[in-house]
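# the amino acid sequence is not available; the structure is as follows:
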């Protein structure tokens, strides 16, 4: 028998009590005016009041199916595990004005609250708010670094090279060497000489792997897909430059050809074809898969003696792992046969005489070692031509090729060089593995080793739009339309069921940028089919037996876990896609748009109702300040976060016990416009996310699936956003080459889904639309406005057309100045620009707008094409 007391601060006009996994409950009102009916288990209290419950046959042991008590009190309904009730740490839900404690705890409500407050505790989010703003340096010191292999290629072309230095391999053998691995995206290259093996070339700069690791790597100018690596082997310095270009043709926008999107798709991990798509794929010409000219990995290493005495430099030419080969010293060719050359090696511009060599260098003297690896072996004649290529000319050409791409995108200049470089490198990383035939055909917006997914490709496509690459974004969206099933369903990856709604959302976002009505008319039949598919799916779930269990909600697998439930993330994307569809069709087909809007509203109503029901049935959890908050399951008809095992099960996945809850959970409903950022339930979910499912406000496992940084920004919680922002990138991105992993356990390199969300976080911290307003600098650190620093965006794309801004800090003289220019007639009705003083000072004067001290924000008129703001501070 267990006796507990429930203390209410205010009235409960109509309350109920129910229990699970116990025999019986009896209630009694001990203070306050009210009554408890032990037949119906209904009660009312004119507060403050005390309700005591006696529960017999309860199960309070750890594990599944423990006794749970549910209190129905309208918008203050909640549930708790009976085993969680203690006098030392009472269940105190501040927002509901209720405390649950042991019956022999005789303190009144206010006394318990005072006792908890006296402990001086704080939640994770409260601690973040009280600390200095996070910086990259602090985040990097607290998180572990992950080194990633480097991907190099041409863009649009599925022939990728993966390279790394000093033992970043996937077997004991490959960890012994510097290495280059050709890839067809996810698929490794196979050759006739070794049908059971995949090609992986190894070479060595210097003497070998030792107890020191004196290796530094970076991208050229910090942003271009050209790898620069320096290896210090005692007193010899090896400086390596590597890039990918064509075997013979010049590399430029006119010669870039690319790979057919269906070919690229089937080279991506977990791709899916319908029978019709398989038939279409098999009819493609062979040239689409095996072009007559190979792409080539070009590498040059300059070894320099930094000693004061002669020293040796060592080199080993590329050789294939586990495959017989020969080396020809007359030509410097590595080959399988006379007409099967896999590498060309040169020393000081001449054919390398032997596969391994040592060169004695005088102090300050250098020697140059080059090798060129075609993606697949080539003939001897082609190899001779390749040997005559001029590395430096090819290098200049490659650099100009990538610079021309960035020159046509948004220009970003930030006070923090790392973030500026990561934004520019990130755009190149996205471009690198968007595969398709140039210049206008469909593109696969691939995500690391995987093919495109409606959900995971969305940040990639939306950042392309943000950077002004609208054509590439549109071609990427066409992938989902081209592969749409006849019934309107969109599914490209590993059985995922959420792609239709997510793709419609990205299409709606793209239209917000471009207002391309010609494109909209062309794709309207696809959009209508997608809408009808979603409605048919929903109609199958408008069943009476689902009332209270996800009525009207779509069921199906949301991500990798095989969870065929009515998840909130799946349904939220369906709603968001429909909402954008209503918006973009409003002028094109008003009647249809209104019908879609009504259907979307009904779906939203059912999702919200289910969410609130699920939250009321989910156990509350403690926070760091001594209070407790409600939780919610990731799908309908389950009690609480699955990682709390209220109903048992095996829910650990992807190296985390909380992944399903933190990465695929109900917090997505805020991002998907079903819950509002400032709703009470959103605050509950943010605290649960921060305390149960994060380290340093970053989710575990695949952290960029968690959307809470966006929610923080929407709520004006800049410090919490920066905590997540800096620790997320410091822990998951390669600190030298900026490429992102998918997971912390070295799974899935060059993951552009993660990089896409990082780039969108950068975009949101700089600018974010909200209704008819453009909000600027909502998430920037104060340090970015220290004396003499500036922030600049040129031709950034927004829902209101392209715009530019220039911010200059002269706080030494009490001034911060901002100039905002709009480059189209689609200007926002309002501009809000946050200009935080680096020392937290508030402005004493403003020119050009209205200043809100509480938000450190200026509200600016947009009556003209340009606006200027000057904030004045007391020195």
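Great, that's in hand. Quick caveat, the model's predicted, so the values are computed rather than measured. Numbering: from 1, shown residues only.
# now the strands for the stretch 151-300 of the chain?
159-164, 178-184, 187-188, 201-205, 215-220, 224-233, 236-246, 295-305 (DSSP state E, counting those that start in this stretch).
# next, format those as TSV and append mean pLDDT and distance to residue 675.
C-beta coordinates here come from the backbone N, C-alpha and C atoms, glycine included. Converted to TSV, these look like this (pLDDT from 0 to 100; distance: least, Cβ to Cβ, whole Å):
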stretch	mean pLDDT	distance to residue 675
strand 159-164	95	40
strand 178-184	95	41
strand 187-188	88	41
strand 201-205	96	52
strand 215-220	96	40
strand 224-233	97	40
strand 236-246	98	46
strand 295-305	98	48
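# adding mean neighbour count and distance to residue 328, write those out as TSV.
Output for the strands of the stretch 151-300 of the chain, formatted as TSV (neighbours: other Cβ atoms under 10 Å; distance: least, Cβ to Cβ, whole Å):
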stretch	mean neighbour count	distance to residue 328
strand 159-164	24	23
strand 178-184	24	20
strand 187-188	14	26
strand 201-205	23	16
strand 215-220	20	31
strand 224-233	21	27
strand 236-246	22	23
strand 295-305	23	18
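# name the residues that touch the lowest-mean-pLDDT helix or strand in the chain?
None of the helices or strands of the chain scores lower by mean pLDDT, DSSP states H and E than strand 187-188, at a mean of 88. Applying Cβ atoms under 8 Å, 6 or more residues apart in numbering, the contact partners of strand 187-188 are 181, 182, 198, 199, 200, 267.
# how about the contacts made by the nearest residue to the second one once chain neighbours are set aside?
Okay, so that is residue 182. Computed as Cβ to Cβ, 6 or more residues apart in numbering, the closest residue to residue 182 that is not its neighbour in sequence is residue 189, at 4.3 Å. The contact partners of residue 189, by Cβ under 8 Å, 6+ apart, come to 182, 183, 198, 199, 375, 376.
# which two among those are spaced furthest apart?
Taking Cβ to Cβ as the measure, the contacts of residue 189 span a maximum distance of 12.8 Å, between 198 and 375.
# buried residues, the longest helix seen in the chain. List them.
Longest among the helix segments of the chain by residue count, using DSSP state H, is helix 590-617. Applying a neighbour-count criterion of 16 or more other Cβ atoms under 10 Å, one finds 592-593, 596-597, 599-600, 603-604, 606-617 buried in helix 590-617.
# list the helices and strands it packs on?
strand 68-72, strand 78-81, helix 517-539, helix 568-584, helix 680-692 (3 or more Cβ pairs under 8 Å, 6 or more residues apart in numbering; DSSP states H and E).
# could the ones you listed be laid out in TSV, adding mean pLDDT, distance to residue 709 and mean neighbour count?
Output for the helices and strands packed on helix 590-617, formatted as TSV (pLDDT from 0 to 100; distance: least, Cβ to Cβ, whole Å; neighbours: other Cβ atoms under 10 Å):
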stretch	mean pLDDT	distance to residue 709	mean neighbour count
strand 68-72	98	32	22
strand 78-81	98	28	23
helix 517-539	98	28	17
helix 568-584	98	16	26
helix 680-692	98	10	22
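# any chance of those in a markdown table, with distance to residue 475 too?
Formatted as a markdown table, the helices and strands packed on helix 590-617 follow (distance: least, Cβ to Cβ, whole Å):
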| stretch | distance to residue 475 |
| --- | --- |
| strand 68-72 | 52 |
| strand 78-81 | 49 |
| helix 517-539 | 11 |
| helix 568-584 | 18 |
| helix 680-692 | 35 |
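# which among those is found nearest to residue 126?
helix 680-692 (9.4 Å).
# other SSEs contacting the closest one?
Other elements packing on helix 680-692 under the criterion 3+ Cβ pairs under 8 Å, 6+ apart are helix 124-130, helix 590-617, strand 621-622, strand 628-629, helix 659-663, helix 708-714.
# farthest-separated two in the contacts of strand 187-188?
200 and 267 (17.2 Å).
# name the helix or strand for the residue lying closest to residue 143 once chain neighbours are set aside, please.
Leaving aside its sequence neighbours, residue 143 sits nearest to residue 731 (Cβ to Cβ, 6+ apart; 3.8 Å). Assigned by DSSP states H and E, residue 731 belongs to helix 718-732.
# what's the offset of that helix from the middle of its chain?
12 Å (Cα atoms, centre = their mean, to the nearest Å).
# what's the answer for stretch 263-273, then?
That offset, for stretch 263-273, works out to 21 Å (Cα atoms, centre = their mean).
# if we can go back for a sec, can you put the helices and strands packed on helix 680-692 in JSON lines and add distance to residue 244 and mean pLDDT?
Output for the helices and strands packed on helix 680-692, formatted as JSON lines (distance: least, Cβ to Cβ, whole Å; pLDDT from 0 to 100):
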{"stretch": "helix 124-130", "distance to residue 244": "43", "mean pLDDT": "97"}
{"stretch": "helix 590-617", "distance to residue 244": "45", "mean pLDDT": "98"}
{"stretch": "strand 621-622", "distance to residue 244": "51", "mean pLDDT": "98"}
{"stretch": "strand 628-629", "distance to residue 244": "52", "mean pLDDT": "98"}
{"stretch": "helix 659-663", "distance to residue 244": "34", "mean pLDDT": "96"}
{"stretch": "helix 708-714", "distance to residue 244": "34", "mean pLDDT": "98"}
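# using TSV, please lay out these together with distance to residue 447.
Formatted as TSV, these follow (distance: least, Cβ to Cβ, whole Å):
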stretch	distance to residue 447
helix 124-130	30
helix 590-617	27
strand 621-622	33
strand 628-629	34
helix 659-663	15
helix 708-714	19
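# minimum distance to residue 524: which of those has it?
Between those, helix 590-617 lies closest to residue 524; by Cβ to Cβ that is 9.2 Å.
# which secondary structure state does residue 867 sit in?
When classified by DSSP: H, G, I helix; E, B strand; the rest coil, residue 867 comes out as strand.
# number of nearby residues for it?
Neighbourhood size, residue 867 [other Cβ atoms under 10 Å]: 21.
# residue contacts, it?
Contacts of residue 867 by Cβ under 8 Å, 6+ apart are 819, 820, 831, 848, 849, 860, 861.
# which of these are buried?
Buried, going by 16+ other Cβ under 10 Å: 819, 820, 831, 848, 849, 860, out of those.
# let me know the closest of these to residue 658.
Relative to residue 658, the closest of the buried ones among the contacts of residue 867 is residue 831; by Cβ to Cβ it sits at 39.4 Å.
# the closest one against residue 820, yeah?
Yes: Residue 831 lies in contact with residue 820 (Cβ atoms under 8 Å); the separation is 6.2 Å.
# let me see the domain layout of this protein.
Residue ranges for the domains of the chain, per automatic domain parsing: 2-120, 156-248+293-405, 773-872.
# would you list those in TSV and tack on distance to residue 555?
Output for the domains of the chain, formatted as TSV (distance: least, Cβ to Cβ, whole Å):
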stretch	distance to residue 555
domain 2-120	23
domain 156-248+293-405	29
domain 773-872	33
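# residue 467 is nearest to which of these?
With Cβ to Cβ as the yardstick, what comes closest out of these is domain 773-872 (6.9 Å).
# ends of that closest one, what's the gap?
Start-to-end span of domain 773-872 (Cα to Cα, to the nearest Å) is 24 Å.
# and it, how far from the chain's centre?
That offset, for domain 773-872, works out to 27 Å (Cα atoms, centre = their mean).
# for the stretch 1-150 of the chain, what spans make up the strands?
2-8, 12-20, 24-37, 42-56, 68-72, 78-81, 91-93, 98-102, 150-152.
# buried deepest among those strands, which one?
Counting by mean count of other Cβ atoms under 10 Å, strand 150-152 has the highest mean neighbour count of those, with a mean of 25.
# what pairs with that one, parallel or antiparallel?
Using DSSP bridges, strand 150-152 pairs in its sheet with strand 159-164 (antiparallel).
# what lies in contact with the strand it pairs with?
For strand 159-164, using Cβ under 8 Å, 6+ apart, the contacting residues are 147, 149-153, 178-185, 227, 242, 244, 259, 294-295, 297, 373, 375, 432-433, 749.
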